[in-house]
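K.L.:
Got a sequence here, can you model it:
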Amino acid sequence: MTSRIVLGAALALALAVLAPAAAHAEEPVDLAGAYVLDASDVLSASDQSRVQDSLDRLYADTGMQLFVVYVDRFDGAASADEWGDESAIRSGLGDKDALLSIATDDREYGVSVAEAFPLSTGDLADIEENALIPQLRDDQWADAAVAFADGLRGEGTSSGSLPLWPIVLILVAAVGGAAVFLLTRAARRRRNGETGLAPGELSQQQLDQKAGTLLVELDDSLQTSEQELGFAVAQFGDDATRPFAEALRSAKASIAEAFGIRQKLDDSFPETAEEKRQLTLRIIELAEQADTALDAQADAFDALREVEKNAPAILDTVDAETAALRARLAAAETATAALAARYSPTAIATVVDNAAQARTLLELAGTTAAKARADLVGASGSAAVGVRAAQASVAQAGQLLDAVDAATRSLAEAQASLDAAVEELNRDLAEARAVPGGELAPAVDAASSGLAAVLPGSERDPLDALQRVQRLDAALDQSLGALRDRQANEAKARSSLERVLGAARSQLAAGEQFLATRRGAVDTDARTRLASARQALDEADALAATDPAAALSSATRAATLAQQGTELARGDVDYFSRSTGYAPGGGGSGYGGGSDLAGDILGGILGGLLSGGGGGGGGGYRSSSRSYGGSSRRSSGSSRSSGGSRGGRRGGSGRF
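P.N.:
Presented below is the predicted three-dimensional model:
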C-alpha cells in the first residue's frame, strides 16, 4: 500500500500544477490504485502518513479498504452521491471497498460503497455522524479520514449511553403495574426534553432532539393505543369506547401534520434558521397536543378495561388465538421458503424472518399468560402486565403471519403489473420515436437504456422493477406531455394510475407492517417517510376521480417515500439486532427478569405495556438510551441523505 500512497501524492501534485490558483471543481476521478488523493492540498506529509496508517489498520483488521479523495468542489455530477459513485466505478472498486469523498470548499462529503459492502447503510450513517462530521466541521481533514476508518473498524462510534438491559430488568422486577406506569410516564417526560426551560429558551439542537424524541414516542403510542382500542371495542363495544376513539383520531391528525413538517425540514430545499426553529416548535406543539389528547382518556380507558377483573376471560381468548396462530406457523414457514426460492433477498426482506419472529411472540404469549394466571391466584398486582403483554404478543404474531400472505399476493400482482407497465412504456417509446426531427431522442435513449437495465432478473424483485419502469415512463411522459393535448394526457394518466396506486399501496403496506411489528427499533426518519407516503397516497386516492394527472404524481411520490421509509426501517432493525444480539426465534420465558427483552422491545411490546395504556410511549427505552437505532443521529438535524439504492451502489452524503 505504501507505493499507492506515493502514486496518490503524485496524482494530487499533477492536479495541483494543472489547476488555477483559485478553488476549482473536479470531475469524478479514476484513483488509478491510489488510496489517498489530495487534490485540495489540505494534507501535510505527516497527515498523509497518519491517514495511510489508519487505512492499513482497517485492511489488516477487517479486509475492508477505504479510499479517500479531497477536492475543492464536486463537479460533473448532479450530487455528491453521484460524484462518489461515478468515481468508485471509474476506479474499479470492489464489494469490500469504500470511497470517502470530501469537497473542502463547498463543505460537502459523500460515501460510496457497493450493495454487498459488509456494513449496512445505517452503520455508515452512524459512523458519519459520530466520527466523520465532527472532524470535518473543525476542518480536521486528516483526522476526519482517520476517524472514519476507525469507525469502519468498529471503534469510536459509541454514543456513551447507559446500558439498557439493567435499567429495564430492575424496573420490571422491582415494581408493580401502577408504579411502573408512574415511573415510565415520568421518565418519558424527562426524555421528551423537559429541562426546566420553555421551548422558546431551548437551543436549536435541543429543539431537534426534543422533537425527534416526541415524534418517535408518540408514533409508538398511537400504534399501541390503536391496538388497545381494538381489544376494548371487541370486549365492550363501540359506544363505550367512542371517547377514546375520538381522542385517538385527534392525536393521529396532529402527528400526521407533525411528520409532514419533519418531511419538509428533511427535503432538499433549506429553510432559514428562523424558519427551521418555528417549524420545529410547531412539531413539538403538535406532538404535545397528541400526547394531551391521549392522556385525557388514559385513566378512563384503563378503568374501562379493568384488566384484573376480566383477566381470566382475556387469557382464555389469548390461549385460543395462540393455538390458532401456532397452526399457521408451518404454512407460513413453507410460504417463506417458497418466496426465498423465487424472489431475491431484497424483495422479501420485510417478511423473511416473520415466521421466526411470530414463533418467538407466541412463546412469549404462552409464558406470560401462564405467569399471569399464577399471579391472579396470588392476587399479584403485576398480573395485568402479563395479560396485556400476552394480548399484544398474539396480536403482533398475527400481523407477522398475515404479512407473509400479503407479500405473496403483492409480489405476484407486481409481476402481472410489470408486464403491463413494460408494454405501456414500449408504446410511449414508439410514440416518442415518431416525433418529427428526433426532438425526443435524448428522452427515448434514456428510457430505452433504463428499460434494458431493469428487465434482466426483474422477476426476482418485480415490485422494485415495477417502480423503476413506472419512473422511466413518468419521465418519458413529461417529455411527451407538451406534445399531447389535454385529453390525451388525462387518458394516459388514467391508464397508469390504478397500476401505480397498486404498487404504492403494496410498498406502503409492507413498510407499515414492518414498522408496526418492529417499532421498538425504528426511528424518526423511517417513520417520517412512511407517514409522508401515507399522506401522498391519501392525496392520490382523493384526486383520482377529478384530476388523474395530479393523482398519478401523488401516487408516484407515495411509492418512492414508502420505499425509502422501508429501507430506513430495515437499517434501524439491522442495527438493533447487531447491537443487542437479538435473533428471531430465540424464544421468551415470561415477563420480568427472564424474558426475551430484546424481542419485547423490538416489537414495542414492553414499552407499550409499561406506558399505562394509550397515553404511554412504546419503544421509548430505545429513544432514551440512544444505544441503538440511531436516535441521536437522526434527531440531530443533520442534512445527511441516505442515498438509497443507486445502480448497485449505496451510501450517504451531506454538508458539514
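
K.L.:
so what pLDDT did T334 get?
P.N.:
At T334, the predicted lDDT confidence score is 95.

K.L.:
Who are the contact partners of the residue most central in space within the chain?
P.N.:
Per C-alpha atoms, centre = their mean, the C-alpha nearest to the average position across the chain is that of L568, at 2.2 Å. By C-beta atoms under 8 Å, 6 or more residues apart in numbering, the residues touching L568 are G122, D525, A526, R529, S642. Heads up, the C-betas are built off the backbone N, CA and C, glycines and all.

K.L.:
And for E271?
P.N.:
Contact partners of E271, counting by C-beta under 8 Å, 6+ apart, are K264, L265, L279.

K.L.:
ok, of the residues you listed, which come out buried?
P.N.:
Neighbour-count burial (16 or more other C-beta atoms under 10 Å) applied to the contacts of E271 gives L265, L279.

K.L.:
Could you save the contacts of E271 as TSV and add columns showing pLDDT?
P.N.:
Shown next, in TSV, are the contacts of E271 (pLDDT from 0 to 100):
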residue	pLDDT
K264	87
L265	87
L279	92
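
K.L.:
and of the contacts of E271, the nearest to D105?
P.N.:
Proximity of the contacts of E271 to D105 (C-beta to C-beta) peaks at L265, which lies at 25.7 Å.

K.L.:
The closest one contacts Q278, doesn't it?
P.N.:
No. L265 lies out of contact with Q278 (C-beta atoms under 8 Å); the separation is 10.9 Å.

K.L.:
from the contacts of L568, which two are the most distant?
P.N.:
Applying C-beta to C-beta across the contacts of L568, the maximum distance is between G122 and R529, 14.0 Å.

K.L.:
more neighbours, the two?
P.N.:
Neighbours were counted for G122 and for R529 using other C-beta atoms under 10 Å; G122 has more, 29 against 26.

K.L.:
pretty sure that one is touching D574, no?
P.N.:
Yes. G122 is in contact with D574 according to C-beta under 8 Å; the separation is 6.1 Å.

K.L.:
Now do the longest helix belonging to the chain: which elements does it pack against?
P.N.:
Taking DSSP state H as the criterion, the chain has its longest helix at helix 383-433. If you count contacts as 3 or more C-beta pairs under 8 Å, 6 or more residues apart in numbering; DSSP states H and E, helix 383-433 packs onto helix 177-191, helix 204-236, helix 307-342, helix 354-377, helix 441-454, helix 462-481, helix 486-517, helix 605-609.

K.L.:
ok, P456 - how many residues close by?
P.N.:
Counted with other C-beta under 10 Å, the neighbours of P456 add up to 9.

K.L.:
Domain parsing of this protein, as residue ranges.
P.N.:
The chain breaks down by automatic domain parsing into domains covering 2-159+649-655, 165-305+592-625, 404-578.

K.L.:
wait, which of the ones you listed is closest to L325?
P.N.:
Nearest to L325 among the domains of the chain is domain 404-578 (12.1 Å), distances taken as C-beta to C-beta.

K.L.:
ok now that closest one, how far from the chain's centre?
P.N.:
Averaging C-alpha positions (C-alpha atoms, centre = their mean, to the nearest Å) puts domain 404-578 18 Å from its chain's average.

K.L.:
for the record, mean pLDDT for that domain?
P.N.:
Mean per-residue pLDDT for domain 404-578: 89.

K.L.:
what about it, how long is it end to end?
P.N.:
Start-to-end span of domain 404-578 (C-alpha to C-alpha, to the nearest Å) is 24 Å.

K.L.:
which residue sits closest to T104, ignoring its sequence neighbours?
P.N.:
Of all residues not flanking T104 in the chain, S40 sits nearest, at 4.5 Å (C-beta to C-beta, 6 or more residues apart in numbering).

K.L.:
The one you found falls within a strand, correct?
P.N.:
No. If the criterion is DSSP: H, G, I helix; E, B strand; the rest coil, then S40 is coil and not within a strand.

K.L.:
That one reaches V71, doesn't it?
P.N.:
Yes. With contacts counted by C-beta under 8 Å, S40 reaches V71, the gap being 5.8 Å.

K.L.:
where do the contact lists of the two overlap?
P.N.:
Residues touching both S40 and V71 by C-beta under 8 Å, 6+ apart: I102, T104.

K.L.:
more neighbours, the two?
P.N.:
V71 (29 against 23).

K.L.:
May I have the phi/psi pair for the more buried one?
P.N.:
phi -130, psi 170 (degrees, to the nearest 10).

K.L.:
Spatially, which residue comes closest to it, not counting chain neighbours?
P.N.:
Leaving aside its sequence neighbours, V71 sits nearest to E26 (C-beta to C-beta, 6+ apart; 3.9 Å).

K.L.:
what comes up buried for stretch 105-119?
P.N.:
By 16+ other C-beta under 10 Å, the buried positions in stretch 105-119 come out as D106, E108, Y109, G110, V111, S112, V113, A114, F117, L119.

K.L.:
With adjacent residues omitted, what lies nearest to the fifth one?
P.N.:
If the residues on either side of it in the chain are set aside, V111 comes closest to G651, at 4.0 Å by C-beta to C-beta, 6+ apart.

K.L.:
What of the last one?
P.N.:
The shortest distance from L119 to any residue other than its chain neighbours is 6.8 Å, reached at L152 (C-beta to C-beta, 6+ apart).

K.L.:
Likewise for the third one?
P.N.:
Closest residue to Y109 in three dimensions, ignoring its sequence neighbours and counting by C-beta to C-beta, 6+ apart: I102, at 5.0 Å.

K.L.:
The one you found: neighbouring residues, count only.
P.N.:
By other C-beta under 10 Å, 25 other residues sit near I102.

K.L.:
Roughly how far does it sit from L43?
P.N.:
Noted for I102: a distance of 11 Å to L43, by C-beta to C-beta, to the nearest Å.

K.L.:
With V352 instead?
P.N.:
Plainly put, V352 is 44 Å away from L43 if you go by C-beta to C-beta.

K.L.:
would you put the C-alpha positions of stretch 50-64 in PDB?
P.N.:
Taking Å, rounded to 0.1, in the frame of the first residue of the first chain, the C-alpha atoms of stretch 50-64 are listed here in PDB:
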ATOM      1  CA  ARG A  50      -1.400   9.200   9.600                       C
ATOM      2  CA  VAL A  51      -4.300   8.600   7.200                       C
ATOM      3  CA  GLN A  52      -2.400   5.800   5.400                       C
ATOM      4  CA  ASP A  53      -1.700   4.100   8.700                       C
ATOM      5  CA  SER A  54      -5.400   4.100   9.600                       C
ATOM      6  CA  LEU A  55      -6.200   2.600   6.200                       C
ATOM      7  CA  ASP A  56      -3.600  -0.100   6.700                       C
ATOM      8  CA  ARG A  57      -5.100  -0.900  10.100                       C
ATOM      9  CA  LEU A  58      -8.600  -1.100   8.600                       C
ATOM     10  CA  TYR A  59      -7.400  -3.500   5.900                       C
ATOM     11  CA  ALA A  60      -5.400  -5.700   8.300                       C
ATOM     12  CA  ASP A  61      -8.300  -6.000  10.900                       C
ATOM     13  CA  THR A  62     -11.300  -6.300   8.600                       C
ATOM     14  CA  GLY A  63     -10.200  -6.900   5.000                       C
ATOM     15  CA  MET A  64     -12.100  -3.700   4.000                       C
END
